[in-house]
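1. Turn this into a model:
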Amino acid sequence: MVVYVPISDMFKRILNIESTLSRKSIFLFGPRQTGKSTWLKNNYPKSLYINLLSKQVYENYLLNSNSLESDLEIFGRKNKLEIVVIDEVQRIPELLNEVHNQIEKNKNLKFILTGSSARKLKRSGANLLGGRASWKSFFPLVYPEIESEFKTEKDLEKRLTCGGLPSIYMSSAPAEDLDDYIQLYLNEEIKAEGLVRNYEAFHRFLIVASLANTQQINFTEIGSDAQVPPRTVHDYFQILEDTLIGFMLPVFTEATSRKAVSSAKFYFFDTGVSNALKQRSKIASGTPEFGESFEHFVITEIRAYISYNNIKAEMFYWRTTTQIEVDIIIKKENKIYALEIKGKTRVSAKDYSGLIAFAEDFPKAKKYVVVANGRHFIEANQIETVPIFIFLKMLWDKEIF
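-> Below you'll find the predicted structure:
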């Protein structure tokens, strides 16, 4: 007999919001299919769950936001009402006024308000509940959630190729499912929400933007390739950020001995999504594509680590006008960490050059080179070379920063 294990039961997600939820409500935002709804249903099964993706529920609340009060009353007659989950709350921003009202009426009542896009909330001037709600992020699968089956070079290739969306990571046809995911995003987040006037132009932009993933953003060049004006390119990147499909990595400008460039880098939220847009079905070790995806993966993992651990830190990259570069700079309070990311086993003196140059301005910075495989050692110049699996364990064990 074949036993099918639900994907929700295969991964123990590490997000913990209990401490925050004991004090205030929460906005929980993350891209579609990262597993927000499944995680909430598993962890808060006794809560009142309002799914605005349901056509009937959506239309009911759209026509009458006061339905929330009556639903709370009905649920409370038979159940202990402590937590209310409203899924995809950005679909009806006006509903947040009634949420605010209910929080004021019942100080013990907490809301978990999920979404896959913050654009409508930001652009509509929605009631974000002031200090009554905290903002939390939900990410694709991270190392501690897949550690038991993430140990070999093949596992790494799979993770770089497929990304970390749970349903796709475990899929028997990940490339096909990633294509479907992109179409779902384009249709539901862009077309249905009316975020752009010219859908075809945005689609061209999205393909070009995927080719610029992990690179400095040049609005003019991307606009030329996508056949749209540079100002439109700027707006389109803002849409990708607002819909949580990507993020900008700004330039670190505090180093003074060398002039830094001014352009940020852009990263899609997931390596699999980026690969699907480029129509890459396999990321193999030793290829340029592997190096790009490896850098992409490490930076998204660090980003998730900072968020899940509520660390007050900022992420940057550093590149001078003479092309000296460090892939990621992390500023945490008065400490600085500099990491170079190399998708290979053996490193050369050239691989250390950016870190050495950066150390001229910041000699106390902790310096790392993250590699795909090989030895773990510390150079005489105090640069620590760490293979990826050791690095990930050190990172999540809070031994890096």
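
2. now the farthest one out in the chain, which residue is it?
-> Distance from the centre of the chain peaks at residue 77, with 38.9 Å (C-alpha atoms, centre = their mean).

3. Grab the nearest non-local neighbour of residue 210.
-> Closest residue to residue 210 apart from its sequence neighbours, by C-beta to C-beta, 6 or more residues apart in numbering: residue 277 at 3.5 Å. Where C-beta positions appear, they are placed from N, C-alpha and C, glycine not excepted.

4. Look up how far residue 182 lies from that neighbour.
-> With distances taken as C-beta to C-beta, to the nearest Å, residue 277 is found 6 Å from residue 182.

5. Same check on residue 57?
-> Note on residue 57: its distance to residue 182, by C-beta to C-beta, is 26 Å.

6. now residue 203
-> Computed as C-beta to C-beta, the residue 203 to residue 182 distance reads 10 Å.

7. who's more crowded, the two?
-> Neighbour count, other C-beta atoms under 10 Å: between residue 203 and residue 182, residue 182 has more, with 17 against 14.

8. from what I can see the more buried one touches residue 273, true?
-> Yes. In this structure residue 182 lies within contact range of residue 273 using C-beta atoms under 8 Å: 6.9 Å.

9. Flag the shaky bits of the stretch 1-150 of the chain, pLDDT-wise.
-> The model of the stretch 1-150 of the chain has pLDDT under 70 over residues 1-9.

10. residue boundaries of the strands in it?
-> With DSSP state E, counting those that start in this stretch, the ranges of strands along the stretch 1-150 of the chain come out as 25-29, 48-51, 83-87, 110-115, 133-137.

11. Each with direction, which strands does the second one pair with?
-> The sheet places strand 48-51 alongside strand 83-87 (parallel), with pairing taken from DSSP bridges.

12. Could I get the full set of helices for the stretch 51-200 of the chain?
-> 55-63, 67-78, 95-105, 119-123, 143-146, 153-162, 166-169, 174-184, 199-211 (DSSP state H, counting those that start in this stretch).

13. Relative to residue 314, which of these is closest?
-> Closest of the helices of the stretch 51-200 of the chain to residue 314 is helix 119-123, at 20.8 Å (criterion: C-beta to C-beta).

14. who are the neighbours of that closest one, in terms of helices and strands?
-> The elements that helix 119-123 packs onto, with contact taken as 3 or more C-beta pairs under 8 Å, 6 or more residues apart in numbering; DSSP states H and E, are helix 230-242.

15. Check what contacts the helix or strand just after the helix it packs on and list those residues.
-> Per DSSP states H and E, the first helix or strand lying C-terminal to helix 230-242 is strand 246-249. Identification of contacts with strand 246-249 by C-beta atoms under 8 Å, 6 or more residues apart in numbering yields 209, 217, 237, 240-241, 264-269, 299, 303, 315-317, 328.

16. ditto for stretch 72-79
-> Residues from elsewhere that reach stretch 72-79, judged by C-beta under 8 Å, 6+ apart: 46, 48, 81, 84, 102, 109.

17. got a winner among the residues you listed for most neighbours?
-> Neighbour max across the contacts of stretch 72-79 (other C-beta under 10 Å) = residue 84, 23 neighbours.

18. Am I right that that one is in contact with residue 44?
-> No. Here residue 84 does not reach residue 44: they are 9.6 Å apart, not a contact under C-beta under 8 Å.

19. give me every residue that touches the nearest residue to residue 229 once chain neighbours are set aside.
-> Among residues not flanking residue 229 along the chain, residue 223 sits closest, at 5.7 Å (C-beta to C-beta, 6+ apart). If you count contacts by C-beta under 8 Å, 6+ apart, residue 223 has them with 229-230, 232-233.

20. in what helix or strand does residue 223 lie?
-> Assigned by DSSP H and E, residue 223 falls in helix 219-226.

21. can you give me the mean pLDDT across that helix?
-> What helix 219-226 shows for mean pLDDT is 97.

22. mind checking how far the one helix or strand residue 303 maps to is from the chain centre?
-> Using DSSP H and E, residue 303 falls within helix 288-308. The chain centroid and the centroid of helix 288-308 are separated by 10 Å under C-alpha atoms, centre = their mean, to the nearest Å.

23. helices or strands up against it?
-> The helices and strands touching helix 288-308, judged by 3+ C-beta pairs under 8 Å, 6+ apart, are strand 133-137, helix 153-162, strand 265-268, helix 271-277, strand 313-319, strand 325-332, strand 335-342, helix 388-396.

24. The residue nearest in space to the middle of the chain: what's it in contact with?
-> Centroid-nearest residue in the chain: residue 269, 4.4 Å away (criterion: C-alpha atoms, centre = their mean). Contacts were defined as C-beta under 8 Å, 6+ apart; by that measure residue 269 touches 31, 139-140, 244-247, 300.

25. Just the closest of the residues you listed to residue 21, please.
-> The shortest approach to residue 21 among the contacts of residue 269 belongs to residue 139, at 18.5 Å (C-beta to C-beta).

26. Can you give me the neighbour number for the closest one?
-> 24.

27. now swap in residue 341 and tell me
-> 24.

28. Next, work out how far apart it and residue 267 are.
-> Relative to residue 267, and taking C-beta to C-beta, residue 341 is found at 12 Å.

29. Tabulate the CA atom coordinates of stretch 344-351 in CSV.
-> Presented in CSV, the C-alpha positions along stretch 344-351 are these (Å, rounded to 0.1, in the frame of the first residue of the first chain):
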residue,chain,number,x,y,z
LYS,A,344,33.5,26.3,-6.4
THR,A,345,35.7,24.2,-4.2
ARG,A,346,39.1,25.8,-4.5
VAL,A,347,39.7,29.4,-3.9
SER,A,348,42.6,31.6,-5.2
ALA,A,349,44.2,34.8,-4.0
LYS,A,350,41.9,36.6,-6.5
ASP,A,351,38.9,35.4,-4.5
